[in-house]
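Undergrad: What would the 3D arrangement of this be:
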Amino acid sequence: MIRLATAVERWPIAGTFTISRGSRTEAVVVTAEVSDGTVTGRGECVPYARYGETVEGVRDLIAAQGDALASGLTRQDLAARLPAGAARNALDCALWDLEAKRAGTPAHVLAGIPAPAPVTTCYTLSLGSPEAMEAAARAAASRPLLKVKLGGAGDPERIAAVRRGAPASALVVDANEAWSPETIAANLAACVEAGVRLIEQPLPAGDDAALAGIRRPIPICADESLHDRAGLDALKDRYDAINIKLDKAGGLTEALLLAQAAKARGLSIMVGCMLGTSLAMAPAMLLSGFADFVDLDGPLLLARDRAPGLAFEGSLVHPPQPALWG
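TA: The predicted structure is shown next:
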């Protein structure tokens, strides 16, 4: 019989993390543990208010699955029982971990995909004044790939400042829905001037039709506009890439199917994350083989990570060891 436990954990951020929607100083995560009495599988999710989630609501939704798990609920049953989102992600990843540990077989083998290899992750620079962002870029200039949080008015000055601070780094921009049809042309021009490789979610989800009518000199990546396979049709003519996050997709099971479906449509892929610990990043590493960009820097932004965690060498992140996940 499977027993379920869930908990809320708080992990301090190194400094402050700021995007267009606000700032925070800690990452609040919810964990799920499933045990058969011999081995235990673990998963972690990050409830996100932008998607109508609360920490307490996600924790309670996970806990409510205890009886069903004890009665034989499987990972394959979750999609019919829970919506795509954080709660399903934590349970899905915990069940993958349990299956791998029961079988004594790595999760990537169970998934039928190649073993993940070390990959370069983005390193995120928080939104701030141009001066602050230039200083942050200069401090991170040795990193090969920077993700730059933008936020609306003043963004051309911000991206120019980051480029001055980190002249050799590849840049990805994330506007977090903060641009408008009126500002996108000037912001795109600034990004072209700075040599930006990818732009995430420039316009608000649900109000992004203007993307179909503009020239896109830099690939545009759907984040808030795309959660799982059900949203792919709406991206046609608007987006060139998608950001797959386990917390949006509802876990690794759907994320793997989403990656395959996106590739079949000719979309590029970023594998992204919410701000969490290595336990949240570990299952996403299995998607790295599909990805053109990897953004799994959550642990690098924390004051401390859980142990054992993922191994980082600068921006190079190594696949998880079984003691962590999978």
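
Undergrad: List the contacts of residue 261.
TA: Counting by CB atoms under 8 Å, 6 or more residues apart in numbering, residue 261 touches 229, 232. Quick note: C-beta positions are derived from backbone N, CA and C, even for glycine.

Undergrad: Residue 287 versus that one, what's the distance?
TA: 13 Å (CB to CB, to the nearest Å).

Undergrad: Who are the contact partners of residue 97?
TA: Residue 97 sits next to 41, 42, 43, 107, 283, 325, 326 when contact means CB under 8 Å, 6+ apart.

Undergrad: Can I take it that it is in a strand?
TA: No - secondary structure of residue 97 (DSSP: H, G, I helix; E, B strand; the rest coil): helix, not part of a strand.

Undergrad: That one and residue 127, how far apart?
TA: To residue 127, residue 97 is 34 Å away according to CB to CB.

Undergrad: Next: residue 26.
TA: From residue 26 over to residue 127 the distance is 18 Å, taken as CB to CB.

Undergrad: and of the contacts of residue 97, the nearest to residue 151?
TA: Residue 151 lies nearest to residue 283 out of those, by CB to CB, at 29.9 Å.

Undergrad: per-residue pLDDT, the closest one?
TA: Looking at residue 283, its pLDDT stands at 98.

Undergrad: ok now the helix or strand it falls within, how far from the chain's centre?
TA: In this assignment (DSSP states H and E), residue 283 forms part of helix 278-284. Put simply, helix 278-284 sits 10 Å off its chain's centre (CA atoms, centre = their mean, to the nearest Å).

Undergrad: what packs against it?
TA: Packing contacts for helix 278-284, counted by 3 or more CB pairs under 8 Å, 6 or more residues apart in numbering; DSSP states H and E, involve strand 40-45, helix 86-103, helix 246-249, helix 252-264.

Undergrad: What segments of the protein are strands?
TA: Using DSSP state E, the strands of the chain run over 3-19, 22-35, 40-45, 119-120, 123-125, 145-149, 170-174, 198-200, 220-222, 241-244, 268-271, 293-294, 312-313, 316-317.

Undergrad: Take these and lay them out in JSON lines including mean pLDDT, distance to residue 133 and mean neighbour count.
TA: As requested, the strands of the chain are exported to JSON lines (pLDDT from 0 to 100; distance: least, CB to CB, whole Å; neighbours: other CB atoms under 10 Å):
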{"stretch": "strand 3-19", "mean pLDDT": "93", "distance to residue 133": "10", "mean neighbour count": "15"}
{"stretch": "strand 22-35", "mean pLDDT": "94", "distance to residue 133": "14", "mean neighbour count": "19"}
{"stretch": "strand 40-45", "mean pLDDT": "98", "distance to residue 133": "29", "mean neighbour count": "26"}
{"stretch": "strand 119-120", "mean pLDDT": "98", "distance to residue 133": "21", "mean neighbour count": "17"}
{"stretch": "strand 123-125", "mean pLDDT": "97", "distance to residue 133": "6", "mean neighbour count": "24"}
{"stretch": "strand 145-149", "mean pLDDT": "98", "distance to residue 133": "7", "mean neighbour count": "23"}
{"stretch": "strand 170-174", "mean pLDDT": "98", "distance to residue 133": "11", "mean neighbour count": "23"}
{"stretch": "strand 198-200", "mean pLDDT": "98", "distance to residue 133": "16", "mean neighbour count": "26"}
{"stretch": "strand 220-222", "mean pLDDT": "98", "distance to residue 133": "20", "mean neighbour count": "25"}
{"stretch": "strand 241-244", "mean pLDDT": "98", "distance to residue 133": "21", "mean neighbour count": "25"}
{"stretch": "strand 268-271", "mean pLDDT": "98", "distance to residue 133": "21", "mean neighbour count": "23"}
{"stretch": "strand 293-294", "mean pLDDT": "98", "distance to residue 133": "20", "mean neighbour count": "24"}
{"stretch": "strand 312-313", "mean pLDDT": "98", "distance to residue 133": "23", "mean neighbour count": "12"}
{"stretch": "strand 316-317", "mean pLDDT": "98", "distance to residue 133": "24", "mean neighbour count": "18"}
